[in-house]
Structure formats: C-alpha cells, structure tokens
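Need the 3D shape of this:
(chains A and B)
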There are 2 protein chains.
Amino acid sequence: MNVTNVKAATHTYPVYVGKNLRHWTARYLPKTYSSILIVTDETVACHYLEDVKASLSQETIFSHVIPAGEKSKNIDIFYQLHTKAIEIGLDRNSLMIALGGGVVGDVAGFAAATFMRGIDFIQMPTTILAHDSSVGGKVAINHEQGKNLIGNFYAPVAVMYDVSTLTTLTRREIRSGYAELLKEALLADSNMYQSLIRTDLSSLTSQKLTDQLTRGIDIKAEIVGADEREANIRKYLNLGHTLGHALESMLGYGSRTHGELVAIGILFTIRVSEKIYAVDLPYEQIYTWLSDNGYPLQWPSIEPEDILVKMKKDKKTINSTIQMVLLQGIGHPVLLELNDDDVLGYLQRFQQELNYQNE
Amino acid sequence: MNVTNVKAATHTYPVYVGKNLRHWTARYLPKTYSSILIVTDETVACHYLEDVKASLSQETIFSHVIPAGEKSKNIDIFYQLHTKAIEIGLDRNSLMIALGGGVVGDVAGFAAATFMRGIDFIQMPTTILAHDSSVGGKVAINHEQGKNLIGNFYAPVAVMYDVSTLTTLTRREIRSGYAELLKEALLADSNMYQSLIRTDLSSLTSQKLTDQLTRGIDIKAEIVGADEREANIRKYLNLGHTLGHALESMLGYGSRTHGELVAIGILFTIRVSEKIYAVDLPYEQIYTWLSDNGYPLQWPSIEPEDILVKMKKDKKTINSTIQMVLLQGIGHPVLLELNDDDVLGYLQRFQQELNYQNE
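Below you'll find the predicted structure:
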C-alpha cells in the first residue's frame, strides 16, 4: 500500500492507495466516531456499499444512496443530505464517508463541510477520475449556470483509495480518468508522460494503473500542499479545463465525460501554447494516443462565439478576462491572461482543425 | 471610533465601532475589489442602502434586497444570492457586504463563504443583536428541522459597526440585542454586569450603548480568538441558548425575538446552576431587570417533554447528551453534560416557577 500525505491549512491527511482497502476501513479511521453516514450512488452501492458497511464494526452506521451522475451535484441533493444527517442524528463527532466518484465526493464533501459548520469526512474514490477530485479539499455543487460554483475548500481527514474497485470501471470511465493523469504528466513529469503515451487503456494492468495513479496523486498533493486556496500554482491544475468546463456545461453534464472534454481542452491548450510561445509540443502524439484509445475528438456542434461567452463565466475568470494555463514545455506550465478576440480566433482555428482531422 | 482586532484561523480582521461609518465605507476596505455586491433586507434598505452605495466610489456596485426576518435564512434565498452573484458577474476578486442584522449577515456571509469556494465579505451590522453574530465568523442558514444547521466558519475581512444606524431600532430589537450583552457580562465581566443591570433600556444614551457594545465585542473577540472552531471555550457563548434555540425553533422564528428567548434561557441556566453548584446567583435581580425592561417572561405554551426532544437535536449535542453552559459565579462559566431526566426535571420546575411569577 502507498501513502501520500497532503498538507492542508487545517491539518495534514493521508491518501492511502492499495488493494482491497474497503474491507479494512475501520483500521484507517483517524479516531472513534459517534456515528457514520456513508454517502454513495446507485451504481457504486450495488458493488461496494455492503463491503464498506461490514468493514466498520460499530453499530451506528447509516447510508444514503443518491442517483448516479453529474445531475446529482445540485442544491436539492445537498439539502437532502442535510435532512438525512439530521434525521439519523449525526452530531459534531460524526463522520461522513463519500464512497464513489467525483460527484459523490463533491456533494457529500460539501454536505460534510457545512453540516453543523463542518464535520469530519473521508473520501473513498471508486473511479480513476476521482483521484483528482478526492485530493486537495475542493468540494462543491453545481449552479444551473455553472459548474462547481457553490462550494468550499474543506480537506478530508483521509482518502482511502481501494484500487480493486477500479476493476468495475467502464472504458469511458477509464478514459475520463486518464485525461486527468495526462494533465498531471504534462504539468510536472515528462517520464510519466512517456509512460502514459505508451499505455494501451484497453489492456491496463492493475500494477500499471496503481503506479500511474500514485504518481498522479503525488503531483496533485505537491501542488495543493503549496497552494491549497488556488492563489497561484494550483491554477495550473486547470490545464485543459477552461475549454473543457465550458463545453461540459453547454453540452449538458453527461453527454460526453468530463475527461473526454478535458482531453479536447488539453489539445486546445497545446495549440494555443505553440502559437504564443513558439514551442514544439507533442500535439500529434497526444492526438493519436487519444484517438487510438477511443476518445471522441469531433468538435461538438457549438459555435466558438458561444463558447467564449461561457468561458468568461468560469470562476477562474477575473475582471472578465480569460486566464488559460499554457505550456512552455512538458513540466513548464504558465498562466496567461488572454483577450477575447485572441481566444475567439484560437477557438475558430481549432474548430477547423478538429473538423478536418475528423473528416 | 473604537477598533477591536479579532484573530481567525485564516487572518486577523478589524471590528470598527463608531458613528456614521456607513458614509465612509470606502475608507475601510482592506483592498480594491473588482466589484461589490451589497446584500440587505427590505427594512434596512430604506434607511441605509443608498448611504452605503454612495460611500463606495467605484462603478461596479450592485445590491440585492431580501425579505426581512428569520424566514430569509433558508436554502432558497441562499441559492438566489448565488444566482444574483453569477448574473452580475462577481469573480474571486469581488466583495460581498452584509448590511443588516444577524439574518442578513448569516445568509450573505454563507453565500460569500461558498461562492466560488469563498470570496471576501464585510459585515455591516445594523442591530445590537448583530454585534454577536457579526464577530466570530459563524455563518449559516436554517434547515426546516433546526437553526443554523447548514453553514461554515468563515471570517469576514472586516466588521464596520455604524452605531448611528442603531437609532432606528425598535424597543423589541433593543431588548433582543441586550440579552446577548447580558450573556457576555455574565460570562466574563461583573463590572459590565453591574452597569447593565442599572441600565434603563427605554432611555439609552448613545454613549452608554457604544460603551456596552464595545465591551461586549471585546469579550466575544477574546473568546473566539482563543477558540474559533468551538472546540472548547467558545461553547460558553451558548449560555442561555440550549433552551433559547429550542423554544425559538418550536415557536417559529419571529413570534418572540431571539434575545427574548435567550433571556428565558439565561434564567433557566441560572436556576440549574444554583441547583447543581449550590451557588448564589442574582436570579431575582436579573428577573426584575428583564421584567422592568419589558421582556416577555411567560412560559410559552409548550410541554417540557417536547422541549427536551428539541434540545437533543441542537448541534451542540454530542452522543445525544445535552450539554449546558452553567455558571459557578459571574465570570465563571462551565460546560456540563446532563442526563435527560435531570433536564426534564429542571424544565418542569422552571415552568412552574415562571407560571407562578407571571400569575
């Protein structure tokens, strides 16, 4: 089992990565709790909820199952979690466990952060994608007008990553998670990038997955440990997300996965970086790898003008100016403010390029 | 003008108390903001909103007026504030100002704490009662099943207390605020207690009010500076609130004021303290002062058994055991866990006593 420690403003917490951790949950609790509420979704509940319940020996264990999918990250589910917590009598000495992917982690984490002004919570991610969201203390729900607009910085007391749960992931979910691993590699580690680009996602070994996941978590932990509240370098983690988030909210959450849209955002970032910094980046290599691994790379039928409007509503936007994370090389991210006309021009050229490549 | 500095986990912030501060808001901003949203309620808006707007010279000033009263501390108003913030384009470099009493401060503060995971906010209290809620960083909304159950610890960047706005308060509002000042005096300062008990609320001078308010804020600042997250001594501030909150949520917010019910809670606390610690406390003196100043002291028509159930749902309750703040003397608070039967007995005796005194 691997352990990475993550430094938050309030405390330092461990991220455990290993096989079958879900059968040993009690062993990794930082203290004794008066009661525990496990929050999970319909998909994950069938596979793993009973295992986790059984692994906690105490009597006061409750669970709450929410519908699967991004649409559950809303204010109603958030309020419902509070109602549940009140009805079962959670108190300030209770624990919430978020068992599932990013959606469960975000909404349950935000409920824990706000229930009686904050109780302990533990992330138990069950997707590759959630390696990103479960580390770093960002919790949130969506507003109808934008993703993650209502939330907190609220660090878990632990992250327990049972890699055995990843065996039930679909191809789409694996792709979605690997886009974030690609992002982390591009931000910080050219060796990891070389390893990724030679990985065939359809024949992933458990060992390879564990190694790459752990390396991704290490990179993330290092960045958020240095800048939890996103004053500076944490913004780098937004690589590929300025476009990715805009597309996601315009297409409706779920029609393509988060990672699939981040992948398109990464390609866009690379093209803009090449234009601005006149650097040579492996666009073709990444495009080919994404394509070979089944990422949908067609331009979605949305006009660049509309995307621009959406990008300006992103919460990374300051004074209505779009900020993008660009690359001066692998491992050399940089944050740049761009004016609207330039962004629009880049979007139009990128649209043409994707259309041409997918003809 | 008086300045008290309050230490929070994230930063130290000033509490300014003085006359006509609302005309000089810009002078006390800690930095320049890209835009400002002033949140206030219908009552306060008529009196002071234009003054505050005029005192901020920049162009990007917006305001949002919510209905007056405790019923506005709900999830819908909270979401509405987010919608407003998004629509006017607030970003991470924006400021929210809560202009009003505790309700405005709590709901706007919680919106600021969660908008894009937290933007700066300033408390501008316009009631005496809000001297308590505006200092210490507690922000929250109510759940249908309990008060302040959904919230954060989130410190403002400043508190600006314009005592000139207190001239428009009603007698009920003055009473409500003074119950919290009485609480602070009992917790920490017998001189302040002596001063209070000789104060006739119907002929309050501006100077006396400013002095007592400042002393109350100092006491609160000292306690929250030592224990922001309520791990230990901050719990003392709950004196009178275990019963007060239960009655408030059972009677429906608004039928009696928060302070009027806290006053009853304080009397209850004193009786319980006398029983348990065999100490001599000025019950009669406080009862007479409250009565002389028009506090309604009749027992509300609620059964002690039902109150007990509600008290157990208070978020200060741990492991379903009621914790009460008691007094071993003025300036000597202590926290005690009580069993249900004892609490019920104390409630029944106190009910009889109040009924007798009010016959």
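
Around chain B, pick out the residues from chain A.
Within chain A, the positions lying close to chain B (Cβ under 8 Å from any Cβ of the partner chain) are A:9-10, A:34, A:75, A:79, A:82-83, A:86-87, A:89, A:91-93, A:113-118, A:138, A:140, A:143-146, A:148-153, A:229, A:313, A:315-320. Glycine gets a C-beta too; all of them are placed from N, C-alpha and C.

Tell me how chain A divides into domains.
Structural domains of chain A, as assigned by automatic domain parsing, span the residue ranges A:2-168, A:192-357.

ranking those by burial, who's on top?
Mean neighbour count (mean count of other Cβ atoms under 10 Å in any protein chain shown) peaks for domain A:2-168 among these, with a mean of 21.

gap between the spatially closest residue to residue A:67 that is not a sequence neighbour and residue A:48?
What sits nearest to residue A:67 in space, not counting adjacent residues and going by Cβ to Cβ, 6 or more residues apart in numbering or on different chains, is residue A:42, at 5.9 Å. Distance of residue A:42 to residue A:48, computed by Cβ to Cβ, to the nearest Å: 12 Å.

Could you pull out the helices in the stretch 201-350 of chain A for me?
Shown for the stretch 201-350 of chain A, the helices assigned by DSSP state H, counting those that start in this stretch span residues A:206-226, A:241-251, A:258-277, A:283-292, A:304-311, A:340-357.

hmm, who's touching the first one?
For helix A:206-226, contacts defined as Cβ atoms under 8 Å, 6 or more residues apart in numbering or on different chains pick out A:2, A:4-8, A:15, A:17, A:19, A:128, A:131-132, A:135-137, A:161, A:163, A:166-167, A:180-181, A:184-185, A:187-189, A:192, A:195-196, A:199, A:233-234, A:236-237.

Now, those residues that are in helices?
Among these, the residues falling in helices (DSSP state H) are A:131-132, A:180-181, A:184-185, A:187-188, A:192, A:195-196.

Chain B: which of those residues is nearest?
Among these, residue A:132 lies closest to chain B (Cβ to the nearest Cβ), at 15.9 Å.

Grab the nearest non-local neighbour of that closest one.
Nearest-residue entry for residue A:132: residue A:180, 4.3 Å, with adjacent residues in sequence omitted and distances by Cβ to Cβ, 6+ apart.

ok, that neighbour - contacts?
For residue A:180, counting by Cβ under 8 Å, 6+ apart, the contacting residues are A:128-129, A:131-132, A:216, A:259, A:262.

and what of residue A:24?
Taking Cβ under 8 Å, 6+ apart as the test, what residue A:24 contacts is residue A:55.

State the phi and psi torsions of it.
Summarising the backbone geometry of residue A:24 under the convention degrees, to the nearest 10, its torsions are phi -130, psi 30.

how close does it get to residue A:54?
For residue A:24, the distance to residue A:54 (Cβ to Cβ) stands at 11 Å.

And residue A:345, by the same measure?
Between residue A:345 and residue A:54 the computed distance is 57 Å (Cβ to Cβ).

and residue A:62, that's in a strand?
Yes: counting by DSSP: H, G, I helix; E, B strand; the rest coil, residue A:62 is found in a strand.

how far away is it from chain B?
Distance, residue A:62 to chain B, by Cβ to the nearest Cβ, to the nearest Å: 14 Å.

again, but for residue A:335
Between residue A:335 and chain B the distance, using Cβ to the nearest Cβ, works out to 14 Å.

Over to residue A:32?
As it turns out, when the distance is counted by Cβ to the nearest Cβ, residue A:32 lies 11 Å from chain B.

Three-state assignment for that residue, please.
The assignment at residue A:32 comes out as coil when based on three-state DSSP.

And it, its phi and psi?
Phi and psi for residue A:32, reported as degrees, to the nearest 10, are phi -90, psi 140.

Next: residue A:65.
Here is the backbone geometry of residue A:65 (degrees, to the nearest 10): phi -110, psi 120.

From what I see, it and residue A:42 are in contact.
Yes: with contacts defined as Cβ atoms under 8 Å, residue A:65 counts as touching residue A:42 at a distance of 5.8 Å.

follow-up on the earlier one: and of the domains of chain A, who's closest to residue B:281?
domain A:2-168 (28.8 Å; Cβ to Cβ).

Check the offset of the closest one from the chain's centre.
For domain A:2-168, the distance between its averaged C-alpha position and the chain's averaged C-alpha position is 14 Å (Cα atoms, centre = their mean, to the nearest Å).

Now do that domain: distance from first to last residue.
According to Cα to Cα, to the nearest Å, domain A:2-168 extends 21 Å from its N-terminal end residue to its C-terminal end residue.

Next: stretch A:109-125.
12 Å.

At which residues are the strands of the stretch 51-200 of chain A located?
Counting by DSSP state E, counting those that start in this stretch, the stretch 51-200 of chain A has strands at residues A:61-66, A:95-100, A:120-125, A:138-143, A:146-153, A:158-162.

what's the average pLDDT for stretch A:268-275?
Stretch A:268-275 shows a mean pLDDT of 98.

now do stretch A:25-43
96.

okay, residue A:254: pLDDT?
67.

same deal with residue A:248?
pLDDT, residue A:248: 89.

Hmm, residue A:259 and it touching each other?
No: at 10.2 Å, residue A:248 and residue A:259 do not qualify as touching, with contact defined as Cβ under 8 Å.

show me what contacts residue A:48?
With contact taken as Cβ under 8 Å, 6+ apart, residue A:48 is in contact with A:22, A:40, A:99, A:126, A:162, A:165.

what's the closest residue to chain B within the stretch 101-250 of chain A sitting at in phi/psi?
Checking the stretch 101-250 of chain A residue by residue against chain B with Cβ to the nearest Cβ singles out residue A:116 as nearest, at 4.1 Å. Listed backbone geometry of residue A:116 is phi 50, psi 30, with angles given as degrees, to the nearest 10.
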